[in-house]
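Asks: just to be clear, the model below is a prediction. Sequence and coordinates:
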Amino acid sequence: MKGPLGVLAAALLIAAVGAHDLLSGYSNPMQDSMAHQFYHLASQQLTTDAQNQTQLALSHDSRADEEDDAQCLQDINRIRDAIDNREEWALEFPDTWGRLPMGLFWGHTISMGQYEECVAATSTYGTEIRGQYCLTSLNITEYYSSVKKRGEEFNRISYKQTDPQVFELGICVPTTCSAKKTDELLKYVIAKIYGKDTINLDDTMVTEKRCKYDAPIQLRGIDIFAIVFFSLIIFFMVAASVYDYIQTRKGAPKKPLLVAFSVLTNAPKIFTVKKVNNPNVIHCLNGLRCFSMMWVVFGHGYMTFYDLPHINKNKFYTWVQTPYSMLVQNGSLCVDTFFFMSGLLMCWGAFREMERTKGKLNIPMMYFHRYIRLTPVVAVVVLYTLTLYKYSGAGPMWFKLGTQDQRCEENWWATLLYVQNYAVPYRICITQSWYLAVDTQLYFLSPLFLIPLWKWGKKALVPIIIFLILCLGGTFATFMIYDFTLFRVQDDRVDLRQRMTYYPTHTRIPTWLIGVIFGYFLFTRNRGRQIPMSKPLVLTGWFVAFGTMMACMWGPYWRILPDTPDSPLIEGAFFEPLSRTGWALAIGWIVWACYNGHGGLVNDFLSWGFFTGFSRLTYCMYVIHRIVQLVNAARLQTDTHFSNYDAILRWWHDFGITLTASIFATLAFEAPILGIEKAIFGRGSPKPAPKKPTPGELARTAPEAASPTAAAVASTPEPETKLAEAVETKAEITPEPSSVENPSKA
């Protein structure tokens, strides 16, 4: 047969023969793979070891080890014989092994194999043999160093890329083989197949922590407590909702404590949006908080995304050189938005309380309310992490990423005391809770700033601003003393830099104080009226604000490019504190302009009712989102691909689950605490709130300066309320958005 048909027929014949060899088991690639050879070579080695052991005088402990090795040898031999006999249950053992590297030179340094198949593998007759999965670490330093690299002119990847040192391989062995014995056997097999120079015998390839088999779950006492606790919460929600429904149908009064957990009562508080024209409400803060929260989830999502088993992981090093990556690399600026709003709301709420009490603050009660409002959700997440977290997933990536519970076992106390940013900065239980620690510490320090501002007004601003500048100088000095460089470029001490300049409260005070100062002027000079401004000045303000934000965000971009010279230390020392300050001032302009009617479309968008409801969930979202991201990432058992599109897909995935979990957490923990607190401490009878002047009334409003008390009286504040109402929504900005609706509640 000639021509194209002949070529096609020959190709089909060759393919049929090749398929027959592969499926019949005579294919060399299968028989010659390390996974198949392991059982033959390991059997030989174990037999030799057993013979040597019988010639030695054995102690009691070594007899126990010998018995374990003998059982391991027996199971290895049975698997070997069954493999030769092509029995399916035995073929599953080598079938689940990871294979040779694929995409190694693009950063793919893991071959996970098939975890679930391994732990489910069992023998079909006689004494049961069960599979045990281990994620091993093979040192490939010598191999990679011998590779002749392409010329530097072809190297377009970042300065941060280094040669891989370890290749992680998933293997499957019987459960009777200990990690130590498996490590010995794997070294022997690799040396036998590839030569002794391939591996370093001093390196440990297999560890007990990275081996897992399908063992029965053994619940600890604290696990049982967690299950009972969460079950009781659900029961309370159902019972309270039924009681609420029955009383509503009857038209009968309801006892506040009995409806504290009612979904029928609490859900409308989250999802019902009422637009109010109230000078004590700064609507645009809702949108700022929601966007900042989405930015936090986005940035943390990329941090987790980087750790996934990408087949093209080296793409990350070119990705960090793109302008888009600055949204992640410089994403910590969203935290400064939080601190600014926290300071602003703190000052506003405290001044309203002191206005009612003639300059007095019940500081112990203020601290008490703050703690019981913040802590329940945090404590619940800590409890989940300590108990049920370990049952949330399994697999190769769980060995690498599912270790959050180990941190909480050691340092849960620091999280509940809000001192983790200083006490255990390298081992924080809930990693993002460092912000809660800083904000809580600032809350406890706030009377030192608020009381002088109330008593002495602008005179108190002088020492406050001096203190602010000193704190900025402290960050500058830290950069210079420890040789920290600009934007983590050429910086191999990121952890130390985080501990010294990112987590500490004293490095975060300046942004918070800027918010306090803005809050002071808004309350004393601006509340209840709008300050007019000409259009040229308004446009200039917006231009400067957005220009400042762009400079803070993308200013360091050119420094991260490979061909850019190293930055001098003083450049980073100036940029770090000043970028945070500049960002806070720009946010301050946005808030001021929107409050005074100069926001236009920006204010309309940020004040959108959707953000009002969404913002009520942001506290729970902040506390929960990292656990969701870690669980989602650690459960992976297949390779992934690095790209912005894939990262955004994972962001929506993480965001959706976080939002759902936050709705439940708000209804189950945060809202009930508010209800219980109101039932215990009570409230004053509300009166109609004053209306904010409309643009038409703006021209008749004289921009006269006033003292704190005079401005407060002129603006006709809301009626007197008890301190329980004054602290109802926490001024911290990360979480609870309700404080945006009523910023007086701090």
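Replies: Here it is on my side, so go on.
Asks: which residues touch the spatially most central residue of the chain?
Replies: A centroid search over the chain (CA atoms, centre = their mean) returns R626, at 3.0 Å, as the residue closest to the centre. Listed by CB atoms under 8 Å, 6 or more residues apart in numbering, the contact partners of R626 are H300, I430, T431, Q432. The way it works is simple: take the backbone N, C-alpha and C, and place the C-beta from them, glycine included.
Asks: filter those residues down to the buried ones.
Replies: H300, I430, Q432 (16 or more other CB atoms under 10 Å).
Asks: any idea how far the last one lies from C211?
Replies: The one in question is Q432. Shown here: Q432 relative to C211, a distance of 31 Å by CB to CB, to the nearest Å.
Asks: for the contacts of R626, which one is nearest Q247?
Replies: I430 (37.9 Å; CB to CB).
Asks: next, the contact list for the closest one, please.
Replies: So, once contact is read as CB under 8 Å, 6+ apart, I430 ends up touching V378, V381, V382, T385, Q404, C408, T415, V623, R626, I627.
Asks: I'd assumed the second one was in a strand, is it?
Replies: What it means is V381. No: counting by DSSP: H, G, I helix; E, B strand; the rest coil, one finds V381 to be helix, located in no strand.
Asks: ok, for it, nearest residue in space, not its chain neighbours?
Replies: Spatial nearest neighbour of V381, excluding adjacent residues (CB to CB, 6 or more residues apart in numbering): V623 at 5.4 Å.
Asks: over to the fourth one?
Replies: Computed as CB to CB, 6+ apart, the closest residue to T385 that is not its neighbour in sequence is C408, at 4.6 Å.
Asks: quick one, phi/psi of that neighbour?
Replies: Dihedral pair for C408: phi -70, psi -30, per degrees, to the nearest 10.
Asks: show me the shaky parts of the stretch 151-300 of the chain.
Replies: Applying pLDDT under 70 to the stretch 151-300 of the chain flags the ranges 151-160.
Asks: which stretches of it form helices?
Replies: 179-194, 221-250, 263-271, 284-306 (DSSP state H, counting those that start in this stretch).
Asks: deepest of those helices, which one?
Replies: Across the helices of the stretch 151-300 of the chain, averaging neighbours per residue (mean count of other CB atoms under 10 Å) puts helix 284-306 on top, at a mean of 21.
Asks: counting by contacts, list what that one packs against.
Replies: On a contact count with 3 or more CB pairs under 8 Å, 6 or more residues apart in numbering; DSSP states H and E, helix 284-306 meets helix 326-329, helix 333-357, helix 569-595, helix 601-606, helix 609-615, helix 618-634, helix 644-665, helix 738-741.
Asks: return the distance of the fifth one from the chain's centre.
Replies: In this case it means helix 609-615. 22 Å (CA atoms, centre = their mean, to the nearest Å).
Asks: list the buried residues of it.
Replies: Per 16+ other CB under 10 Å, helix 609-615 contains these buried residues: F611, T612, G613, F614, S615.
Asks: how about low-confidence regions in this structure?
Replies: For the chain, the ranges with pLDDT under 70 are 1-32, 49-68, 151-160, 487-492, 682-746.
Asks: before we move on, the earlier item: please give me every residue in contact with the residue nearest to T385.
Replies: Contact partners of C408, counting by CB under 8 Å, 6+ apart, are V382, T385, L386, T415, C429, I430.
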